[in-house]
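# kindly generate the corresponding structure for this input.
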Amino acid sequence: MEQNNKKATTHSIGIYLWIWGLLFVFSTFSYLVDWYNFQGLLRWSLIIFFMLVKAGLIMAIFMHLYWERWAIVNVLLWPMTAIMVFVAIMTAESQYTFFTRALFFVTGG
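Residues are numbered from 1 along each chain as shown. This is a model prediction of the structure:
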(Lines give C-alpha, C1' and ligand atoms only; values in the text may rest on other atoms or scores of the structure.)
Protein backbone atom coordinates (compact mmCIF):
# COMPACT_ATOMS: atom_id res chain seq x y z
CA MET A 1 0.00 0.00 0.00
CA GLU A 2 1.38 3.38 -1.01
CA GLN A 3 1.57 6.06 1.63
CA ASN A 4 1.01 9.70 0.99
CA ASN A 5 4.13 11.60 2.04
CA LYS A 6 2.60 15.07 1.95
CA LYS A 7 3.55 17.20 4.90
CA ALA A 8 1.13 19.56 6.52
CA THR A 9 2.39 23.03 5.75
CA THR A 10 2.22 25.60 8.50
CA HIS A 11 2.97 29.23 7.94
CA SER A 12 4.56 31.49 10.48
CA ILE A 13 2.40 34.09 12.15
CA GLY A 14 4.84 36.72 10.88
CA ILE A 15 3.56 36.58 7.31
CA TYR A 16 -0.01 37.09 8.48
CA LEU A 17 0.99 40.06 10.63
CA TRP A 18 2.99 41.52 7.73
CA ILE A 19 0.00 41.22 5.37
CA TRP A 20 -2.31 42.62 8.04
CA GLY A 21 0.02 45.62 8.30
CA LEU A 22 -0.01 46.07 4.53
CA LEU A 23 -3.81 45.92 4.52
CA PHE A 24 -3.84 48.62 7.18
CA VAL A 25 -1.47 50.79 5.12
CA PHE A 26 -3.52 50.39 1.92
CA SER A 27 -6.71 51.14 3.85
CA THR A 28 -5.06 54.30 5.14
CA PHE A 29 -4.11 55.26 1.57
CA SER A 30 -7.70 54.66 0.51
CA TYR A 31 -8.90 56.91 3.32
CA LEU A 32 -6.37 59.60 2.36
CA VAL A 33 -7.85 59.72 -1.14
CA ASP A 34 -10.98 61.23 0.48
CA TRP A 35 -9.01 63.24 3.02
CA TYR A 36 -7.09 65.08 0.29
CA ASN A 37 -10.30 65.47 -1.70
CA PHE A 38 -9.13 63.91 -4.97
CA GLN A 39 -11.82 64.17 -7.63
CA GLY A 40 -12.80 62.57 -10.89
CA LEU A 41 -10.94 59.77 -12.60
CA LEU A 42 -7.91 60.00 -10.31
CA ARG A 43 -10.09 59.44 -7.24
CA TRP A 44 -11.86 56.39 -8.60
CA SER A 45 -8.70 54.94 -10.11
CA LEU A 46 -6.90 55.15 -6.77
CA ILE A 47 -9.84 53.73 -4.82
CA ILE A 48 -10.22 50.79 -7.21
CA PHE A 49 -6.46 50.20 -7.29
CA PHE A 50 -6.23 50.04 -3.49
CA MET A 51 -9.34 47.84 -3.36
CA LEU A 52 -7.89 45.36 -5.86
CA VAL A 53 -4.52 45.26 -4.09
CA LYS A 54 -6.20 44.55 -0.76
CA ALA A 55 -8.47 41.90 -2.30
CA GLY A 56 -5.44 40.27 -3.95
CA LEU A 57 -3.52 40.16 -0.67
CA ILE A 58 -6.50 38.68 1.16
CA MET A 59 -7.02 36.04 -1.53
CA ALA A 60 -3.34 35.15 -1.78
CA ILE A 61 -2.46 34.92 1.89
CA PHE A 62 -5.58 34.58 4.04
CA MET A 63 -7.37 32.31 1.57
CA HIS A 64 -4.07 30.42 1.05
CA LEU A 65 -4.20 30.71 -2.75
CA TYR A 66 -0.50 31.51 -2.85
CA TRP A 67 0.18 27.95 -1.74
CA GLU A 68 -2.60 26.20 -3.69
CA ARG A 69 -2.55 24.36 -6.98
CA TRP A 70 -3.01 26.36 -10.16
CA ALA A 71 -6.42 24.77 -10.84
CA ILE A 72 -7.87 26.16 -7.62
CA VAL A 73 -6.41 29.59 -8.33
CA ASN A 74 -8.02 29.55 -11.78
CA VAL A 75 -11.40 28.76 -10.26
CA LEU A 76 -11.29 32.12 -8.52
CA LEU A 77 -9.28 34.31 -10.89
CA TRP A 78 -11.09 33.70 -14.17
CA PRO A 79 -14.59 34.47 -12.87
CA MET A 80 -13.26 37.64 -11.23
CA THR A 81 -11.64 38.64 -14.51
CA ALA A 82 -14.92 38.04 -16.33
CA ILE A 83 -16.76 40.16 -13.76
CA MET A 84 -14.29 43.00 -14.28
CA VAL A 85 -14.78 42.80 -18.05
CA PHE A 86 -18.57 42.87 -17.62
CA VAL A 87 -18.32 45.86 -15.29
CA ALA A 88 -16.21 47.68 -17.90
CA ILE A 89 -18.79 46.89 -20.58
CA MET A 90 -21.62 48.12 -18.35
CA THR A 91 -19.69 51.31 -17.61
CA ALA A 92 -19.22 51.99 -21.32
CA GLU A 93 -22.90 51.36 -21.94
CA SER A 94 -23.94 53.63 -19.08
CA GLN A 95 -21.86 56.45 -20.54
CA TYR A 96 -23.63 55.98 -23.87
CA THR A 97 -27.03 55.98 -22.15
CA PHE A 98 -26.18 59.13 -20.21
CA PHE A 99 -24.98 60.82 -23.40
CA THR A 100 -28.14 59.96 -25.36
CA ARG A 101 -30.42 61.07 -22.52
CA ALA A 102 -28.57 64.36 -22.23
CA LEU A 103 -28.72 64.83 -25.98
CA PHE A 104 -32.43 64.12 -26.43
CA PHE A 105 -33.95 65.24 -23.13
CA VAL A 106 -31.96 68.39 -22.48
CA THR A 107 -31.66 69.73 -26.02
CA GLY A 108 -34.92 68.27 -27.27
CA GLY A 109 -33.02 66.50 -30.09
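# residue contacts, the residue nearest the centre of the chain?
Central residue of the chain (C-alpha atoms, centre = their mean): Leu52, 2.4 Å from the mean position. Taking C-beta atoms under 8 Å, 6 or more residues apart in numbering as the criterion, Leu52 is in contact with no other residue. In short, each C-beta sits where N, CA and C put it, glycine included.
# show me where the chain has helices.
Taking DSSP state H to define them, one finds helices in the chain at 13-35, 40-57, 70-101.
# for the last one, name the packing helices and strands.
Looking back up the chat, that one is helix 70-101. For helix 70-101, there is no helix or strand it packs on, judged by 3 or more C-beta pairs under 8 Å, 6 or more residues apart in numbering; DSSP states H and E.
# relative to helix 40-57, how tilted is it?
Taking axes from the mean of the first three to the mean of the last three C-alpha atoms, to 10 degrees, one finds helix 70-101 and helix 40-57 inclined to each other by 160 degrees.
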